[in-house]
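> Predicted model and sequence below, questions to follow.
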Amino acid sequence: MSVFLSKRYEGLTPYTPGEQPQDQQYVKLNTNESPFPPSPLAQRLARQAAGDLQLYSDPECRKLIPVAAEAMGVEEDQILFSNGSDEMLGYAFMAFCDEDTPAVFPDISYGFYTVLADVCRVPQKQIPLTEDFRIDPKDYFGAGGTVIIANPNAPTGIALSLGEIESIVKENPGSVVVIDEAYVDFGCESAVGLIDKYDNLLVVRTFSKSRSLAGGRLGFAMGNAKLIGDLNTIKYSLNPYNVNSMTMAAGIGAFLDREYFDMCRNKIIETRAYTKKALEDMGFECLDSKSNFIFAKHPMLDGEFLYRRCKDKGVLIRHFTQERIKDFNRITVGTKEQMDILLKTVKEIMEECR
Ligand code: PMP
């Protein structure tokens, strides 16, 4: 730390992204990326856009917005794009939380929420998940702050039903409820159909998972036009050209290539079921994941040990040190071939431990 760092940020613990090691080729199942490349159309449009990079990108995303609005069934003024959904979450914390409006979220959820609350210097209220790692909607009724819920939740993968999400939104009429739908395409219901009914609902999405564009950095939010207006105020105060032209073009391609999107996500859902069954056959307990990862623990294997031995053997999975979940590992669902390598590796480790 230099002597110049503002006192405001002394003691700030930044988010630790999943490892991106460059030392060797790993079977990379630790950051919930798609194992499939971006849609060929997305790639082609991005390459074309590269020829115009001397120009600033369009701060209003005027070519992307209509395509997105059509794909999502919302009005054009109900949608805003960002540089990954992390940026949008940051805008939401800045716009809708303050000293008197804490950020309210589960004790086990996406680790970035607590960092955003700290960097925005807003109080945070963490609500424990139930014993079986579920979100109890009632715990969020009258939350007294801005509610942030990942649905499905991460790293558990467990989803709330649309009715349960609606109950949280309904029971917090004076507060914004942010539903982070990073993994929604892998088997749970979106709340986007409720944005006309509730003026306090913001739905956040990413292209990083089901649309294979993690490196492109594209996220978006949908909500009523006034909420989107507030987020725009923050965006234009920080980074008006937040989405670059190549990513914008790739985003259009990813939306238009519906067939490719369906094929990729169906494969992930299929491979998730295959992997879960195989892990359970080996004695693992797997939570009921509706996402592109499986959160699993084994009664005879220490969570951190399994992570380390997998890494030694060239397979990266994600281990979290938080007390309640330290026995688990989060395993991204890759291709069937990748999952077969994972399963073979885990089997070897179990045999070594006999
Ligand atoms: N929300 C959740 C729940 C996530 O797991 C992630 C990915 N780490 C994000 C948001 C952010 O994704 P991105 O910034 O790549 O859009």
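Nice, I can see it.

> ok, and the closest non-adjacent residue to L162?
E189 (4.2 Å; Cβ to Cβ, 6 or more residues apart in numbering). Backbone N, C-alpha and C define where each C-beta goes, glycine included.

> Surely the one you found and S161 touch.
Yes. Under the criterion of Cβ atoms under 8 Å, E189 makes contact with S161 at 6.7 Å.

> What is the three-state secondary structure of M263?
When classified by DSSP: H, G, I helix; E, B strand; the rest coil, M263 comes out as helix.

> Check the burial of D23 by counting its neighbours.
By other Cβ atoms under 10 Å, the residues close to D23 number 5.

> Oh, that last question was meant for A278, not what I typed.
Counted with other Cβ under 10 Å, A278 comes out at 16.

> so who does M1 touch?
E10 (Cβ atoms under 8 Å, 6 or more residues apart in numbering).

> ok, now K313?
Per Cβ under 8 Å, 6+ apart, neighbours of K313: T345, E348, I349.

> mind putting those in TSV, pLDDT included?
Formatted as TSV, those follow (pLDDT from 0 to 100):
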residue	pLDDT
T345	98
E348	97
I349	97
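
> so of the residues you listed, which ones are in helices?
T345, E348, I349 (DSSP state H).

> Weed out the non-buried ones from these.
Buried members of the ones in helices among the contacts of K313, scored by 16 or more other Cβ atoms under 10 Å, are T345, I349.

> Report the beta-bridge partners for Q124.
A103 (DSSP bridges).

> who touches it in this structure?
Contacts of Q124 (Cβ under 8 Å, 6+ apart): P102, A103, V104, F105, Y113, T114, A117, D118.

> ok, now with 6 Å
P102, A103, A117 (Cβ atoms under 6 Å, 6 or more residues apart in numbering).

> Of those, which is the most crowded?
In the contacts of Q124, the most neighbours by other Cβ under 10 Å go to A103, 26 neighbours.

> ok, that one touching V119?
No. A103 is beyond contact range of V119, at 11.2 Å (criterion: Cβ atoms under 6 Å).

> Near the ligand, which residues of the protein are found?
G84, S85, D86, Y110, A150, A154, D180, A182, T206, S208, A214, G219 (Cβ under 6 Å from any ligand atom).

> tell me the two of these that are most distant?
Pairwise distances across those peak at 16.5 Å for A150 and A214 (criterion: Cβ to Cβ).

> between the two, who's got more neighbours?
Counted by other Cβ under 10 Å, A150 and A214 do not tie: A150 has more neighbours, with 28 against 17.

> quick revisit: turn the contacts of K313 into TSV, including distance to I268.
Shown next, in TSV, are the contacts of K313 (distance: Cβ to Cβ, whole Å):
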residue	distance to I268
T345	20
E348	25
I349	25
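
> what's near enough to touch the residue nearest to T233 when sequence neighbours are not counted?
In space, and not counting its chain neighbours, T233 is closest to A95: 7.2 Å by Cβ to Cβ, 6+ apart. A95 sits next to D230, L231, I234 when contact means Cβ under 6 Å, 6+ apart.

> So which of the residues you listed are in strands?
Counting by DSSP state E, none of the members of the contacts of A95 fall within strands.

> Neighbour-wise, which one of these leads?
L231 (21 neighbours).

> Could you check how many residues crowd around T13?
9.

> Give the helix, strand or coil label for it.
coil.

> so what's it scoring on pLDDT?
Note on T13: pLDDT of 93.

> sorry, back to before: rebuild the contacts of A95 as TSV, extending it with pLDDT and distance to Y26.
Output for the contacts of A95, formatted as TSV (pLDDT from 0 to 100; distance: Cβ to Cβ, whole Å):
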residue	pLDDT	distance to Y26
D230	98	41
L231	98	36
I234	98	37
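
> Could you tell me which of the residues of the chain next to the ligand count as buried?
G84, S85, D86, Y110, A150, A154, D180, A182, T206, S208, A214, G219.

> and the residues you listed, which of them are in strands?
A150, D180, T206, G219.
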